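Trainee: Need a 3D model of the following:
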Amino acid sequence: MDIIITDIVKIIKSESNVIAREKALMCYFLNLFREVMAAALEEVDVSLIEETKKQGYQIEKKNKRSIVTAFGEISYVRRRYTSSTKKAIYPLDSLMGYDKYKRYSVLAVKNILQVSTVATYRNTALAVNALSCFNISHGQVGNLIKQAGKRIKSQQESEDRYDGVTEKRKVPVLYLEGDGVIIKGTNKRRIEFHRYQVCEDIINLSKTRRQRVNAKEFVSLNRLDALQEIKEYLTNTYDLTNTIVISNADGGAGYAKKDFDEIIGQCKRHEHFLDVFHLNQKIKDRLKFMPEIQGKLISALEFKYDRELTDVILDTAESKLIDELDTPENHENLDRLRNYIYRRWNDIKPFRMRSLPVIKAIGCCESNHRKYTYRVKGQGKYWSEDGAEGILRVLTCIKNNDLEYWLSSEFEASKFTELKEEQYKGAVRASLKKIHEVHEGIQHGSMENYVAGNGYLSNFSRALNHINL
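Mentor: Numbering: from 1, shown residues only. This is a model prediction of the structure:
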């Protein structure tokens, strides 16, 4: 310990430039940590020998490996085991969660992915290189997103992902919405991604802010994949026998009432709505040549829901197609609007006229697109299918607060008691104290407080005792 402090003091005194001094200190601490971590991993590897041999394996050789973690790149040596009837294994790699042929640890990947959801690949690489203990290129960021997207998708579509569900939820009402969004693809192609979202209720946080209750989102470039995922989720999570399901969509291909019937299955009652935002947008687009009629038609549909009044307004608009307004395009727009309204007349019926014993909590799908569109649209962005699928899957996981879960197929909550920051600091301080002197010149450290029996802190303590001070 004294030698470490002496080295730190030398570095501080040898550098006059504050930036150069801090860089030198950072390099020193990183090198020290690498040595300590390599020693700790070696000790863990030794502790696994007996247990691994009991499983019928024999040590073949030792191999060196480097892995980039959230706290920097480390190199260590671990044992490779072979068996006549089983595949060769590296028990230490399995214990630490270091995947074969992967350069980055799961936590490092998670941190990179979180930054990439709010920044471009280049800006993500810049942020990681500036603020972390390792370097990465923008190309590597893109590859990590694609790999993570494939891994998350395969796990979210696996047949056994709901095996642990033992009891289904029973709720009085469930709100379901869906929509598609077009983004730019490579080679001047257009890519559409599909989103479905479900929630149990919406609570008011303030006059302008609302929050969905037990919300879940599903996204994919393939509509049938997204549809199947939400269908499996509802089937395995909810008992809809006594549930009123309220769905909302723009009525486009794949988002009609029959499509939501397929998702929901058996329920107490299903009420489907044509999204008001898209309805008003369609009216304004088709009647752009006659703006004075737009408001009247919206009022007749959204507030009065009067079929006769709607016919009168549409007939009035048709009678005004004279002189410069009498064009084939205007006639076609009016006919298409009339057909659009009549085909979806039942879905247009306002919420207050359906005698529903619940509050209105639909219509937020379009606003919830922003988390995705802010990242994947604009600023000249264009995507390959793998890149788009990857970033969209990561964004969805962050929205659902389960990114950490899906990045690890064997994810389990920590078995150790969670320690607060101050408790961690206390444990580290205790490990660096001079507890007793064996003889002059030799100091021994120990972990005194809040140390899990076989945890990484105790391994760190043992590694410190083996450093030649």
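Trainee: can I see the domain layout of the protein?
Mentor: Residue ranges for the domains of the chain, per automatic domain parsing: 2-103, 173-383, 421-466.
Trainee: Can you add distance to L395, mean pLDDT and mean neighbour count and give these back as TSV?
Mentor: In short, each C-beta sits where N, CA and C put it, glycine included. Below are those laid out as TSV (distance: least, CB to CB, whole Å; pLDDT from 0 to 100; neighbours: other CB atoms under 10 Å):
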stretch	distance to L395	mean pLDDT	mean neighbour count
domain 2-103	21	89	14
domain 173-383	6	91	16
domain 421-466	29	51	14
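Trainee: Reformat those domains as a markdown table; add distance to I391.
Mentor: Converted to a markdown table, these look like this (distance: least, CB to CB, whole Å):
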| stretch | distance to I391 |
| --- | --- |
| domain 2-103 | 19 |
| domain 173-383 | 6 |
| domain 421-466 | 32 |
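Trainee: Looking at those, spot the one closest to A148.
Mentor: The minimum distance between A148 and the domains of the chain falls on domain 2-103, with 11.0 Å, by CB to CB.
Trainee: Can you get me the start-to-end distance on that closest one?
Mentor: Between the opening and closing residues of domain 2-103 lies a distance of 35 Å (CA to CA, to the nearest Å).
Trainee: for it, the distance to its chain's centre please.
Mentor: For domain 2-103, the separation from the chain centroid amounts to 29 Å (computed by CA atoms, centre = their mean, to the nearest Å).
Trainee: Also stretch 173-190?
Mentor: 17 Å.
Trainee: Send me it as CSV with only the CA atoms.
Mentor: As requested, the backbone C-alpha atoms of stretch 173-190 are provided in CSV (Å, rounded to 0.1, in the frame of the first residue of the first chain):
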residue,chain,number,x,y,z
VAL,A,173,-59.9,-2.9,-18.9
LEU,A,174,-57.0,-3.2,-21.3
TYR,A,175,-56.0,-0.5,-23.8
LEU,A,176,-54.4,-1.7,-27.0
GLU,A,177,-52.9,0.5,-29.9
GLY,A,178,-50.9,-0.1,-33.0
ASP,A,179,-49.4,1.8,-35.9
GLY,A,180,-46.7,1.7,-38.5
VAL,A,181,-43.9,4.2,-39.3
ILE,A,182,-41.9,4.7,-42.5
ILE,A,183,-38.1,5.3,-42.4
LYS,A,184,-35.4,5.6,-45.0
GLY,A,185,-33.5,2.4,-45.9
THR,A,186,-30.3,1.8,-47.9
ASN,A,187,-30.4,1.9,-51.7
LYS,A,188,-33.2,4.5,-51.6
ARG,A,189,-35.7,1.9,-50.2
ARG,A,190,-38.3,2.6,-47.6
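Trainee: Point out the one among the domains of the chain that comes closest to G139.
Mentor: In terms of CB to CB, the element of those nearest to G139 is domain 2-103, at 13.1 Å.
Trainee: Is Y76 part of a helix or strand, or is it coil?
Mentor: When classified by DSSP: H, G, I helix; E, B strand; the rest coil, Y76 comes out as strand.
Trainee: Quick check: bridge partners of it?
Mentor: Legend: beta-bridge partners of Y76 under DSSP bridges are R65.
Trainee: Surely it and T69 touch.
Mentor: No: contact status for Y76 versus T69: not in contact, 11.0 Å apart, counting by CB atoms under 8 Å.
Trainee: and of the domains of the chain, who's closest to D160?
Mentor: Distances from D160 to each of the domains of the chain were compared by CB to CB, and the smallest falls on domain 173-383, at 11.0 Å.
Trainee: what about the closest one, distance to the chain center?
Mentor: Relative to where its chain is centred, domain 173-383 has its mean C-alpha point 25 Å off (CA atoms, centre = their mean).
Trainee: for that domain, how far is the first residue from the last?
Mentor: With CA to CA as the measure, the first residue of domain 173-383 is 38 Å from its last.
Trainee: can you give me the helices in the stretch 251-400 of the chain?
Mentor: When secondary structure is read from DSSP state H, counting those that start in this stretch, the stretch 251-400 of the chain shows helices at 257-264, 276-286, 291-299, 307-319, 328-343, 345-348, 370-376, 385-400.
Trainee: Go through these and name the closest to Q197.
Mentor: With CB to CB as the measure, helix 385-400 is the member of these nearest Q197 (8.9 Å).
Trainee: Touching the closest one from outside, list them.
Mentor: Outside of helix 385-400, the residues that reach it under the criterion CB atoms under 8 Å, 6 or more residues apart in numbering are 113-114, 116-117, 142, 145-150, 152-153, 156, 183, 185, 191, 193, 215-221, 371-372, 375-376, 383, 403, 406.
Trainee: One more: stretch 48-65?
Mentor: Contacts with stretch 48-65, where a contact means CB under 8 Å, 6+ apart, come from 75-83, 85-86, 88-93, 95, 98.
Trainee: Let's see that with 10 Å instead.
Mentor: Outside of stretch 48-65, the residues that reach it under the criterion CB atoms under 10 Å, 6 or more residues apart in numbering are 38, 41-42, 45, 74-86, 88-95, 98, 103.
Trainee: If you compare the directions of whatever helix or strand G178 lives in and helix 276-286, what angle comes out?
Mentor: Secondary-structure assignment from DSSP states H and E places G178 in strand 173-184. Here strand 173-184 runs at 40 degrees with respect to helix 276-286, directions being taken by axes from the mean of the first three to the mean of the last three CA atoms, to 10 degrees.
Trainee: Show me what strand 173-184 pairs with in its sheet, parallel or antiparallel.
Mentor: Strands flanking strand 173-184 in the sheet, each with its direction: strand 190-199 (antiparallel), strand 244-249 (parallel) (DSSP bridges).
Trainee: Report the separation between the residue nearest the centre of the chain and G363.
Mentor: Central residue check for the chain by CA atoms, centre = their mean: the C-alpha nearest the mean position is that of C397, 2.1 Å away. Using CB to CB, to the nearest Å, we find C397 at a distance of 25 Å from G363.
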